[in-house]
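Engineer: Fold the stuff below for me.
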Amino acid sequence: MIVSEIFRSLQGEGKNQGRPCTFVRLAGCNLRCAWCDTSYAREGGTEMSVIEVLDRVWLQNGKQICITGGEPLLQQEEVLELLKKFSLHGYTVEIETNGTRDFRRMQPYASICMDVKCPSSGEKSDLSLLSFITPRDCVKFVVADEDDLLYAQAVMSRCEIRGEVFISPVEGSDYRAIADYVVKENLPARFQLQLHKILGVK
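Structural biologist: As a prediction, the model looks like this:
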């Protein structure tokens with residue numbers, strides 16, 4: 001598999017925000033979001049076997065894992081093999097995905113955090129995948145402005161989402177205005193700033 005980096009930090013977003021976590025960032029992405037903060041992971045990377053990744057993760061210490069990207073499900077077969085190994089060794093795994101690839105084969109081994117792309121990203125997710133989100137999964141809308149909020153609100157109103165939903169402002173956007181909108185419209189979501197951006201860590 002092609003790996004961009006493996007590192008230890010705090011989970012900055014989603015349902016495990018604030019937990020110590022080992023990140024396995026895979027290289028390659030099928031989208032080009034306007035506000036992407038990991039564009040370096042789109043290209044390059046290092047070829048590693050599943051066993052090599054497992055060994056590197058073991059050296060990091062800790063049982064909480066996040067597989068992210070890029071878009072990790074572009075390497076679906078390798079990810080599935082890695083998940084099975086993690087499961088055997090008692091790891092808890094979350095996969096962050098952009099909502100363009102079917103994740104159902106991963107769900108027996110990992111929770112899913114589906115990032116639904118809003119208009120400001122310049123990209124689109126496959127909203128039909130929301131029907132496969134379970135209560136152990138979550139959905140994230142990264143929003144920059146009111147158009148994004150209106151889009152997120154429309155998606156939430158017409159799609160049944162069984163996992164927890166997060167509204168996460170793009171770095172540098174008007175956090176207070178976005179928070180006020182969430183309150184005013186009583187959105188069925190949790191407002192969440194990206195903790196790793198606040199702390200200045202990966």
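Engineer: So for the lowest-mean-pLDDT helix or strand in the chain, what gets flagged as buried?
Structural biologist: Ranked by mean pLDDT, DSSP states H and E, the weakest helix or strand in the chain is helix 195-199, scoring a mean of 92. By 16 or more other CB atoms under 10 Å, the buried positions in helix 195-199 come out as residue 196. All C-beta atoms are positioned from the backbone trio N, CA, C, and that covers glycine.
Engineer: try stretch 156-174
Structural biologist: Of the residues in stretch 156-174, 156, 161, 163, 164, 165, 166, 167, 168, 169, 170, 173 count as buried by neighbour count, 16+ other CB under 10 Å.
Engineer: Quick one: residues contacting the third one.
Structural biologist: The one in question is residue 163. Counting by CB atoms under 8 Å, 6 or more residues apart in numbering, residue 163 makes contact with 112, 133, 134, 135, 136, 137, 138, 139.
Engineer: what's the answer for residue 85, then?
Structural biologist: 50, 51, 54.
Engineer: Please repeat the previous calculation with a cut-off of 6 Å.
Structural biologist: By CB atoms under 6 Å, 6 or more residues apart in numbering, the contact list for residue 85 reads residue 54.
Engineer: which parts of the host helix or strand of it are buried?
Structural biologist: Using DSSP states H and E, residue 85 maps to helix 76-88. Applying a neighbour-count criterion of 16+ other CB under 10 Å, one finds 78, 79, 80, 81, 82, 83, 86 buried in helix 76-88.
Engineer: How far does that helix sit from its chain's centre?
Structural biologist: On the basis of CA atoms, centre = their mean, to the nearest Å, helix 76-88 sits 17 Å off its chain's mean C-alpha point.
Engineer: Ramachandran angles for residue 182?
Structural biologist: Phi and psi for residue 182, reported as degrees, to the nearest 10, are phi -60, psi -40.
Engineer: That one: how many residues sit nearby?
Structural biologist: When counting by other CB atoms under 10 Å, one arrives at 20 neighbours for residue 182.
Engineer: That one contacts residue 192, doesn't it?
Structural biologist: No - the criterion here is CB atoms under 6 Å, and residue 182 misses it with residue 192 at 10.0 Å.
Engineer: show me what contacts residue 75?
Structural biologist: If you count contacts by CB under 6 Å, 6+ apart, residue 75 has them with 1, 26.
Engineer: oh sorry, the question was meant for residue 71
Structural biologist: With contacts defined as CB under 6 Å, 6+ apart, residue 71 is in contact with 29, 30, 98.
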